[in-house]
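Q: just need the structure, nothing else, for what follows:
(one chain, ligands or ions: 1)
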Amino acid sequence: MGIFNGAQQAIATKINKTSTLSNWNDWKWQLKNSISTVEQFETLTGISFSTSEKEKLRKTTEKFPLSITPYYASLISKENYEHDPVFKQSFANIQELNVLDTDLADPLSEDSDSPEEGITHRYPDRVLFHVSNVCAMYCRHCTRKRKVGDIDFVPSKEQLQKGIDYIKRTPQVRDVLLSGGDPFMLPDSKIDWLLAQLTAIPHVEVVRIGTRMPVVLPYRITDDLVKILKKYQPLWINTHFNHPREITTSAKEALTKLADGGFPLGNQSVLLANVNDCPRIIKNLVHKLVQNRVRPYYLYQCDLSEGLSHFRTPIGKGIEIMESLIGHTSGFARPTYVIDAPGGGGKIPVMPNYIISWSTHKVVLRNYEGVITTYKEPNHYENIFCDRDCENCTLDLKLEGSEEIEALGIERLLADSNDSISLIPENNERYNRREE
Ligand SMILES: *Cc1c(COP(=O)(O)O)cnc(C)c1O
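A: Purely as a prediction, here's the structure:
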């Protein structure tokens, strides 16, 4: 297939102890031969560490296990490995053992928002369903680092059934996001079964899969897998490329299979210090993604999980990157920069400010070039009072059978149909005094 390069050839030869390469494209072979120790890494890549370094690395991998597919390891540049984005994302760093006072084991409170094993129900209409606890490669920047390799398990049907049952009895769930671990670590037959179960639930309108396989093990995207997935449209697939170097010939082939299969593809990147914290790297990445029919979806600020401090950038770096994209490149090549709220508030979008000032009839804005402009607001605009009674509304929006959900949060403060004038934090002393 012309996808082998010298590095892949060298690694495969060392694993097979012969130069026959027939199994390199076999994803099960890749998993079976994944690198899980520093010694294996040394042997296969030819990169070596001193005895004292190895001792510290051993302590690190005891706490946070190592797993790198031979394919992903083959992308590491041996000469310059210390600065290599693939190396940094996949190989242990002793700084992972530095836990800051401000680090959190479960920064997104996924466990507290879990009504059922495997389910995180945070937003009104969608759930995160953790369907596996394993990945082909253990990202060093994983937000669920606390769980990695905890119990290396692929859940049984009985365990998955609990999550399915929760979704069945929760009619407001219209969007199910399969994550993990990596859902594509499940065998084809279980993926088939799971998707059949989920798509048979009448209120489930879409299913999404979050997977890093196209990046770390593109051979997992087989024709057989695509054939199974095609039965369950609409199915959205999000992957996780962080650096243009990851978009290889094999990765492109995997993305082509998925795009040709008819799945809308998105990408979620994490902003990582010394990996991709550069406007030019991100711009190059998003351009390569859209060339491969992948829409950049989110750019994440690095979470406050334990052991990630060396990966974190200030939020200002993300704003700077967004500044370099907005207006400068195609709108569809631009992700939304988000901070996943510590404590479980969900994703908060942030971007540079474009509104400079405002009066009753004019808004002053600036564009990406620094041009300051005004938008004149309408002189006459009559607001349609909305009491959420769609039946008697003058707008043509009689949504049949749509279930009215109460306005929430800031949306509620803005709504006509509600007389809330403020949102008050729990245990606000001033309000407690009023009650006394
Ligand atoms: C990210 C996430 C979702 C999906 O959020 P979208 O903004 O719709 O992509 C759902 N549930 C949880 C818990 C999440 O972290």
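Q: give me the element Asn267 is part of.
A: strand 265-270 (DSSP states H and E).
Q: ok, Thr120 - contacts?
A: Residues near Thr120 by C-beta atoms under 8 Å, 6 or more residues apart in numbering: Glu110, Asp113, Ser114, Val127, Leu128, His130. Just so you know, the C-beta spots here come from the backbone N, C-alpha and C atoms, and that holds for glycine as well.
Q: wait, does the strand holding Asn267 contact the ligand?
A: No: figure legend: strand 265-270 not in contact with the ligand (C-beta under 6 Å from any ligand atom); closest approach 8.4 Å.
Q: give me the sheet partners of that strand and which way each runs.
A: When pairing is defined by DSSP bridges, strand 265-270 lines up against strand 235-239 (parallel), strand 294-300 (parallel).
Q: not counting it itself, show me its contacts.
A: Here strand 265-270 has contacts from 141, 210, 236-242, 255, 258-259, 276, 282, 285, 289, 293-300, 302, 311, 335, using C-beta under 8 Å, 6+ apart.
Q: recalculate using a threshold of 7 Å.
A: 141, 236-242, 255, 258-259, 276, 285, 289, 293-300, 302, 335 (C-beta atoms under 7 Å, 6 or more residues apart in numbering).
Q: repeat that for stretch 349-360.
A: 315, 319, 322-323, 336-339, 363-366, 372.
Q: drop anything exposed from those residues.
A: Met322, Tyr337, Val338, Ile339, Leu365 (16 or more other C-beta atoms under 10 Å).
Q: can you pick out the most distant pair from those?
A: Ile339 and Leu365 (23.9 Å; C-beta to C-beta).
Q: in the stretch 201-350 of the chain, what residue spans correspond to strands?
A: Per DSSP state E, counting those that start in this stretch, the stretch 201-350 of the chain carries strands over the ranges 206-210, 235-239, 265-270, 294-300, 336-341, 346-349.
Q: wait, Asn276 sits on Asn242?
A: Yes: here Asn276 reaches Asn242: they are 5.2 Å apart, a contact under C-beta atoms under 7 Å.
Q: quick one: which of those two has more around it?
A: Asn242 (27 against 24; other C-beta atoms under 10 Å).
Q: if I look at the more buried one, how far off is Phe311?
A: With the distance defined as C-beta to C-beta, to the nearest Å, Asn242 ends up 11 Å from Phe311.
Q: overlap in contacts, those two.
A: Counting by C-beta under 7 Å, 6+ apart, the residues touching both Asn242 and Phe311 are Leu272.
Q: run through the bridge partners of the residue nearest to the spatial centre of the chain.
A: By C-alpha atoms, centre = their mean, the chain has its centre lying nearest to Gln268, at 4.4 Å. Assessed by DSSP bridges, Gln268 has beta-bridge partners Tyr298.
Q: what residues does the stretch 101-250 of the chain put near the ligand?
A: Thr120, Arg122, Tyr123, Arg126, Leu128, Leu177.
Q: show only the entries of those residues found in helices.
A: In helices, judged by DSSP state H, none of those are found.
Q: will you turn those residues into TSV that also has pLDDT?
A: Formatted as TSV, these follow (pLDDT from 0 to 100):
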residue	pLDDT
Thr120	94
Arg122	93
Tyr123	94
Arg126	97
Leu128	96
Leu177	98
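Q: out of the residues you listed, which sit inside strands?
A: Counting by DSSP state E, the part of those found in strands is Thr120, Arg126, Leu128, Leu177.
Q: and the closest residue to the ligand within the stretch 251-400 of the chain, what does it touch?
A: In the stretch 251-400 of the chain, the residue that lies nearest the ligand is Lys347 (5.2 Å; C-beta to the nearest ligand atom). By C-beta under 7 Å, 6+ apart, the contact list for Lys347 reads Val338, Asp340.
Q: and if we set it to 10 Å?
A: Lys347 is in contact with Leu108, Arg122, Tyr123, Tyr298, Tyr300, Gln301, Thr336, Tyr337, Val338, Ile339, Asp340, Ala341, counting by C-beta atoms under 10 Å, 6 or more residues apart in numbering.
Q: same thing with Phe129?
A: Phe129 neighbours (C-beta under 10 Å, 6+ apart): 116, 118-121, 160, 163-164, 166-167, 173, 176-180, 183, 194, 198, 207-208.
Q: again, only this time at 8 Å
A: Each residue near Phe129 by C-beta under 8 Å, 6+ apart is listed here: Gly118, Ile119, Gly163, Ile167, Val176, Leu177, Leu178, Ser179.
Q: before we move on, the earlier item: can you list residues touching both of Asn276 and Asn242?
A: Counting by C-beta under 8 Å, 6+ apart, the residues touching both Asn276 and Asn242 are Pro85, Ser269, Leu285.
Q: Gly409 contacts Ser422, doesn't it?
A: No: Gly409 lies out of contact with Ser422 (C-beta atoms under 8 Å); the separation is 11.8 Å.
Q: look at the two and report which has more neighbours.
A: Neighbours were counted for Gly409 and for Ser422 using other C-beta under 10 Å; Gly409 has more, 10 against 6.
Q: for the more buried one, which non-adjacent residue is spatially closest?
A: In space, Gly409 comes closest to Leu423 once its chain neighbours are excluded; the distance is 6.9 Å by C-beta to C-beta, 6 or more residues apart in numbering.
Q: from the ligand, how far off is that neighbour?
A: According to C-beta to the nearest ligand atom, to the nearest Å, Leu423 and the ligand sit 21 Å apart.
Q: tell me the contacts of that residue?
A: Applying C-beta under 8 Å, 6+ apart, the residues contacting Leu423 are Gly409, Ile410, Arg412, Leu413.
Q: show me how far the strand holding Asn267 is from its chain's centre.
A: Relative to the centre of its chain, strand 265-270 is centred 6 Å away, using C-alpha atoms, centre = their mean, to the nearest Å.
Q: ok, stretch 132-139 next?
A: That offset, for stretch 132-139, works out to 13 Å (C-alpha atoms, centre = their mean).
Q: residues making contact with that stretch?
A: 27, 30-31, 34, 64-69, 72, 89-90, 147-155, 180-183, 185-186, 212-213, 216-217, 220, 240.
Q: residues near the nearest residue to Leu255 once chain neighbours are set aside, how many?
A: Nearest residue to Leu255, sequence neighbours excluded (C-beta to C-beta, 6+ apart): Asn292, at 4.6 Å. If you count neighbours by other C-beta under 10 Å, Asn292 ends up with 20.
Q: let me see the contact set for Asn292.
A: Ile247, Lys252, Leu255, Thr256, Ala259.
Q: from Gly346, how far off is Arg412?
A: Remark: distance between Arg412 and Gly346 (C-beta to C-beta) = 16 Å.
Q: what about Ser52, how many neighbours?
A: For Ser52, the neighbour count with other C-beta under 10 Å is 8.
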